[in-house]
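Enquirer: the amino acid sequence is not available; the structure is as follows:
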């Protein structure tokens, strides 16, 4: 006789939207729920922001996350449907993503570190434009970038702030990072670069006292930084699950060909 594989144990989480909370309760009543530490899969109901929040809280346990869209943006989410959830999970494609490590130094020499699933961004703090020196793998590539800021985005974050700043969309399984300027003034024609996922990016803030800059790793911010280094953390692996047929990849293609 053919043995049926045991159903995965599930832990459901939802954003603060009342509709998402109600849907979460219906799913719990229908499929059951176990404590997070005992779950095989986390099912997250919300938008892309809530998906990133769920991934951040899951950094230590690194359990697979299957998102269903109950938010305003759902690039990283699957369609919401209450039926056949075990079958969807069994057939789902799994994609591994890795966060970015941000190390930010301030004037005192103290370093502040954070992890980013979306992007690490540097932003001017005052009306003065920022001036940044940009180095890749310890080689200076831009002696002076005058701008509102600059960011390094993961594939998962390439459809967020990076896309708004006219950066490239990167497929989730591509071993690449996006280096994207924010309102670059000089060099005026520089539009950023695609980097290998192994690249180490360093930003040195020029005229840091006159032109203060903050650095942010997702929702972790450090003010008045003097230098920032960004690299991928290959030792941390987060699993995102998508319905069979790769609807995320279809959304990425559609976005790139949208008029």
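Expert: Right, received. Where do you want to start? All of these numbers come straight from a predicted model, not from anything done at the bench.
Enquirer: could you list the low-pLDDT ranges of the chain?
Expert: Across the chain, the ranges flagged by pLDDT under 70 are 1-5, 73, 246-247, 258-259.
Enquirer: where along the chain do the helices fall?
Expert: All helices of the chain, identified by DSSP state H, fall at 18-31, 48-57, 85-91, 161-164, 247-256.
Enquirer: what is the shortest one packed up against?
Expert: The reference is to helix 161-164. Here helix 161-164 touches strand 119-124, strand 149-153, going by 3 or more Cβ pairs under 8 Å, 6 or more residues apart in numbering; DSSP states H and E. Where you see a C-beta, it was placed from the backbone N, CA and C, and this is true even at glycine.
Enquirer: repeat that for 6 Å
Expert: If contacts are counted by 3 or more Cβ pairs under 6 Å, 6 or more residues apart in numbering; DSSP states H and E, helix 161-164 sits against no helix or strand.
Enquirer: tally of neighbours for residue 53?
Expert: By other Cβ atoms under 10 Å, 18 other residues sit near residue 53.
Enquirer: could you measure from it over to residue 66?
Expert: According to Cβ to Cβ, to the nearest Å, residue 53 and residue 66 sit 15 Å apart.
Enquirer: residues touching the closest residue to residue 184 other than its chain neighbours, list them.
Expert: Distances taken as Cβ to Cβ, 6 or more residues apart in numbering place residue 147 nearest to residue 184, at 4.5 Å, with adjacent residues excluded. By Cβ atoms under 6 Å, 6 or more residues apart in numbering, the residues touching residue 147 are 130, 181, 182, 183, 184.
Enquirer: kindly recompute the last result at 10 Å.
Expert: Residues counted as contacts of residue 147 (Cβ atoms under 10 Å, 6 or more residues apart in numbering) are 122-124, 129-132, 181-187, 190.
Enquirer: returning to what we had before: residue 238 is nearest to which of the helices of the chain?
Expert: Residue 238 lies closest to helix 48-57 among those, at 5.3 Å (Cβ to Cβ).
Enquirer: buried ones in the closest one?
Expert: 48, 49, 50, 51, 52, 53, 54, 55, 56 (16 or more other Cβ atoms under 10 Å).
Enquirer: how about the nearest residue to the third one, chain neighbours excluded?
Expert: Spatial nearest neighbour of residue 50, excluding adjacent residues (Cβ to Cβ, 6+ apart): residue 15 at 4.1 Å.
Enquirer: what's the burial count for the one you found?
Expert: 20.
Enquirer: could you check how far it is from residue 83?
Expert: For residue 15 relative to residue 83 (Cβ to Cβ), the value is 22 Å.
Enquirer: go on, residue 215?
Expert: Distance, residue 215 to residue 83, using Cβ to Cβ: 44 Å.
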